[in-house]
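Colleague: Please find the sequence and the predicted model below.
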Amino acid sequence: MNQFTFESKQKTVLFGFMGLGLLCLLLAFFLDSQPFHVRFWTNFLHNTVFFTGIGFISLFIYAAFITSWAGWYTQFKRVLESMSMFMVPGLILLLVVIAGLWAGWHELYHWADTEEVAKDAVLQGKSGFLNKGWYTIGTLAIVGIWIYFAMRLRSLSLAEDQNGGVDFAHHRTMRRWAAAFLPIAGFSSAAVIWQWMMSIDAHWYSTLYAWYTGASWFVAGTAMVILFLIYLKSKGYYESVKEDHLHDLGKYVFAISIFWTYLWFSQYMLIWYANVGEETSYFQTRMHDYPVLFYGNLILNFVLPFFILMRNDTKRKYGTLVLVSILVILGHWLDFFQMIKPGALDTAIHAAGAHGGEHIAGAGGHGDHGAFLMGFTIPGLLELGTMLGFAAFFVYMVFARLEKVSLEPVNDPYMAESAHHHV
Amino acid sequence: MDTAQKEVLFGLYDDEEVLLDAVKKAKGDHLEIMDVYSPFPVHGLDPALGLEESRLHIAGFIYGAIGTLFAFGFMTWVFTRDWPIIFGGKPYWSVPAFIPITFELTVLFASIGMTVTFFTICGMWPGVKNPTLDDRITDDKFCIAFQTNGQSKAEIDRLKSFLQETGASEVNTKVI
């Protein structure tokens, strides 16, 4: 079977989960005791950035494979192409955040509050980059460029199916586009990561942050490819994709998990060693108010994938691969949770104190260290429901793309190499 | 090591695919291959020869774990028992500062341990005799070798015809 059919049963299940996600978002909006609906907005931003980033990193992986003349992945390159097209709905979701920024619907970003910036020398110093204009232009232009590259590669790849010849002209053109995309992606992703996520802790900065976030996307994206492939195989598609291909994808999850840990540790150790107050506050908050997430992050994203995927045969068995893929996707989602929530909650509470006086909610504020607050210091059911909703949306978009063309490319020069891939 | 002289009958092939088919046929014919030589790793040769998976990586894991424990334990002992010094206002037992050295010693122990183990298993110490059957098997020829000590002429002829039938471009004998 080389043609994917998006069954109505799958659609029903996915729409069900999307409805659940929407319901959880609405509940978070209306039931939140915190000012400025911070629980709703952080959940929205968290999942938007996480899944849009997975879309972006799929394109990055695809471009890196094309540039490095890799042939083993060719059979399932449609999956990477389809995943990268999630950037289109991702940009629409980001437009909601941008609209909220201009309309003052949310207090996610400390630097967006003009009253706060007026009395804050540090924020004034950063206001050349951290301002609404740059946030809007940066997001639109950069994600727009990514989408343009994704569409270029996709249309070239589809044109190759139709009329690709032995001169491999399409593939040559694709290689140029892919090679051009890599440096653009490297620099531009850092800029949007600073704006979307790092600027939530507006006073704090880390030069490793963008790499670190990118590595999170990379692990989660590769794990997502594994889950898609194993699911599609279980439905009878991609019979020629063997455990050798999954073995290599498992190696990617293993290797990039270690790379992520290296970056996590480098960021932590340098800040710990230098012991500069304005830098340590980031980890102080997370270690004392978010201990489960802080240490659980390392267990889920390093210890478990490291020891489970270390052996040869665990990377070739569907059971262990599915288990590790779900673990690391959940782990990096939790990592994003603890990167976004503390700063945003702090900003909202400060803003409420500055504007409304009596509006500060008791739980989760300062002086309440160690107490778990659902939705802020640990993810609650609403967060998990929202994640499932976004994940269903992601899967729906990917399936809708996969359905449009044949699952395996026809005239790609590397098809034979991919079919004979052997580890 | 087996120091006795070996009489070897070997065939040289021009192509690794032909070699791979020949090895599979030899397995089917129950011929006992002494060794196969190739200038580069041939995909699928190990399972065709029936070689079991190397256990070197298990040894590597054990060496690495020893390195981890040694580095971390030694630094813990030095900085908490033997010679406690305060560096930069950090506690004596500063785990983050130990991690890079622990990592380095893990890699060092694993790599040196695996190298020593590999050389010992293969008997590749200084002074080892390493006769080649033909110099071209390090360049562009692929070789299947049979040991023919004490074999009858009929058996040797059978091996010879096997090599010729499976596409060997040359069949030679050598005593090593």
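Modeller: Cool, the structure landed.
Colleague: Only C-alpha atoms from now on, for both contacts and neighbour counts.
Modeller: Will do.
Colleague: Give the burial count for A:Leu407, as a bare number.
Modeller: 19 (other Cα atoms under 10 Å in any protein chain shown).
Colleague: should've said B:Ser54
Modeller: 7.
Colleague: go on, B:Gly113?
Modeller: 19.
Colleague: what helix or strand does it sit in?
Modeller: Per DSSP states H and E, B:Gly113 falls inside helix B:95-122.
Colleague: okay, the residue of chain B found nearest chain A: pLDDT?
Modeller: Residue nearest to chain A within chain B: B:Pro96 (6.1 Å; Cα to the nearest Cα). As predicted, B:Pro96 sits at a pLDDT of 93.
Colleague: My guess is it contacts A:Ile271. True?
Modeller: No: between B:Pro96 and A:Ile271 there is no contact under Cα atoms under 8 Å: 10.7 Å.
Colleague: Same drill for the two, tell me which one is more crowded.
Modeller: Using other Cα under 10 Å, the more surrounded residue of B:Pro96 and A:Ile271 is A:Ile271, with 19 against 15.
Colleague: Name the secondary structure element that contains the more buried one.
Modeller: helix A:243-274.
Colleague: how about that helix against chain B, any contact?
Modeller: Yes: using Cα under 8 Å from any Cα of the partner chain, helix A:243-274 comes into contact with chain B via A:Met269, A:Tyr273.
Colleague: which stretches of chain A aren't confidently modelled?
Modeller: Counting by pLDDT under 70, chain A contains low-confidence residues at A:354-372.
Colleague: who in it is up against chain B?
Modeller: Counting by Cα under 8 Å from any Cα, chain A sits next to chain B at A:Met269, A:Tyr273, A:His422.
Colleague: Out of these, which end up buried?
Modeller: A:Met269, A:Tyr273 (16 or more other Cα atoms under 10 Å in any protein chain shown).
Colleague: Run through the helices of chain B in chain order.
Modeller: Applying DSSP state H to chain B gives helices spanning B:16-28, B:45-49, B:56-77, B:95-122, B:153-165.
Colleague: And the last one, what does it pack against?
Modeller: This means helix B:153-165. Applying 3 or more Cα pairs under 8 Å, 6 or more residues apart in numbering or on different chains; DSSP states H and E, one finds that helix B:153-165 contacts strand B:7-13, strand B:170-175.
Colleague: wait, what's in contact with B:Ser169?
Modeller: Listed by Cα atoms under 8 Å, 6 or more residues apart in numbering or on different chains, the contact set of B:Ser169 reads B:Gly11, B:Leu12, B:Tyr13, B:Asp14.
Colleague: er, B:Val36 I mean
Modeller: Contacts of B:Val36 by Cα under 8 Å, 6+ apart are B:Phe142, B:Cys143, B:Ile144, B:Ala145.
Colleague: Let's see that with 10 Å instead.
Modeller: B:10-11, B:19-20, B:23, B:45, B:49, B:137, B:142-146 (Cα atoms under 10 Å, 6 or more residues apart in numbering or on different chains).
Colleague: quick one: it from B:Leu20, how far?
Modeller: Applying Cα to Cα, to the nearest Å, the value for B:Val36 to B:Leu20 is 10 Å.
Colleague: try A:Asp201
Modeller: Relative to B:Leu20, A:Asp201 is positioned 61 Å away (Cα to Cα).
Colleague: Which residues of chain B lie near chain A?
Modeller: Neighbours of chain A within chain B, by Cα under 10 Å from any Cα of the partner chain: B:43-44, B:57-58, B:61, B:87-90, B:94-97, B:99-100.
Colleague: And those residues, which is closest to A:Glu383?
Modeller: Using Cα to Cα, B:Pro96 comes nearest to A:Glu383 of the residues of chain B next to chain A, at 32.0 Å.
Colleague: Not counting its neighbours along the chain, what's nearest that closest one?
Modeller: Excluding the flanking residues, the one nearest B:Pro96 by Cα to Cα, 6 or more residues apart in numbering or on different chains is A:Met269, at 6.1 Å.
Colleague: Which positions in stretch A:387-406 come out as buried?
Modeller: In terms of neighbour count (16+ other Cα under 10 Å), stretch A:387-406 has its buried residues at A:387-402.
Colleague: about what we covered before: could the helices and strands packed on helix B:153-165 be laid out in JSON lines, adding mean neighbour count?
Modeller: Shown next, in JSON lines, are the helices and strands packed on helix B:153-165 (neighbours: other Cα atoms under 10 Å in any protein chain shown):
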{"stretch": "strand B:7-13", "mean neighbour count": "23"}
{"stretch": "strand B:170-175", "mean neighbour count": "14"}
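Colleague: Dump those into JSON lines; add distance to A:Leu327 as well.
Modeller: JSON lines is the format used below for the helices and strands packed on helix B:153-165 (distance: least, Cα to Cα, whole Å):
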{"stretch": "strand B:7-13", "distance to A:Leu327": "49"}
{"stretch": "strand B:170-175", "distance to A:Leu327": "56"}
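Colleague: any chance of those in TSV, plus mean pLDDT?
Modeller: Below are the helices and strands packed on helix B:153-165 laid out as TSV (pLDDT from 0 to 100):
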stretch	mean pLDDT
strand B:7-13	91
strand B:170-175	89
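Colleague: and the residue nearest in space to the middle of chain A, what does it touch?
Modeller: In chain A, the residue lying closest to the centroid (Cα atoms, centre = their mean) is A:Phe50, at 2.7 Å. Shown in contact with A:Phe50 (Cα under 10 Å, 6+ apart): A:44, A:56, A:90, A:213, A:216-217, A:220-221, A:329, A:332-333, A:336-337, A:387, A:390-391.
Colleague: got the phi/psi numbers for it?
Modeller: Torsion angles at A:Phe50 (phi, psi; degrees, to the nearest 10) stand at phi -60, psi -50.
Colleague: Repeat that for A:Ser406.
Modeller: According to degrees, to the nearest 10, A:Ser406 has phi -70, psi 150.
Colleague: Any chance of the backbone angles for the closest residue to it other than its chain neighbours?
Modeller: With sequence-adjacent residues excluded and distances taken as Cα to Cα, 6+ apart, A:Ser406 is closest to A:Gln3, at 4.9 Å. Main-chain dihedrals, A:Gln3, degrees, to the nearest 10: phi -120, psi 120.
Colleague: correct me, but A:Gln3 touches A:Phe399?
Modeller: No: judged on Cα atoms under 10 Å, A:Gln3 makes no contact with A:Phe399 at a distance of 11.5 Å.
Colleague: Can you report how many residues lie near residue 144?
Modeller: No chain was given, so I picked chain A. Burial of A:Gly144 is recorded as 15 neighbouring residues (other Cα under 10 Å).
Colleague: meant chain B, my bad for not saying
Modeller: Counted with other Cα under 10 Å, B:Ile144 comes out at 23.
Colleague: With the one 10 residues further on instead?
Modeller: In terms of burial, B:Ala154 registers 9 neighbours under the definition other Cα under 10 Å.
Colleague: separation between it and B:Phe70?
Modeller: The value you get for B:Ala154 to B:Phe70, if Cα to Cα is used, is 60 Å.
Colleague: Kindly report the same for A:Ala344.
Modeller: 43 Å.
Colleague: Give me the more crowded residue out of these two.
Modeller: The neighbour count for A:Ala344 versus B:Phe70, taken as other Cα under 10 Å, is higher for A:Ala344 (26 against 16).
Colleague: Okay, and the more buried one sits in which element?
Modeller: helix A:318-356.
Colleague: and if you look at A:Gln195?
Modeller: helix A:169-196.
Colleague: Which strands or helices does the following helix or strand past that helix pack on?
Modeller: Using DSSP H and E, the helix or strand that follows helix A:169-196 in sequence is helix A:209-234. Using 3 or more Cα pairs under 10 Å, 6 or more residues apart in numbering or on different chains; DSSP states H and E as the contact criterion, the elements in contact with helix A:209-234 are helix A:38-67, helix A:77-84, helix A:169-196, helix A:243-274, helix A:318-356, helix A:381-404.
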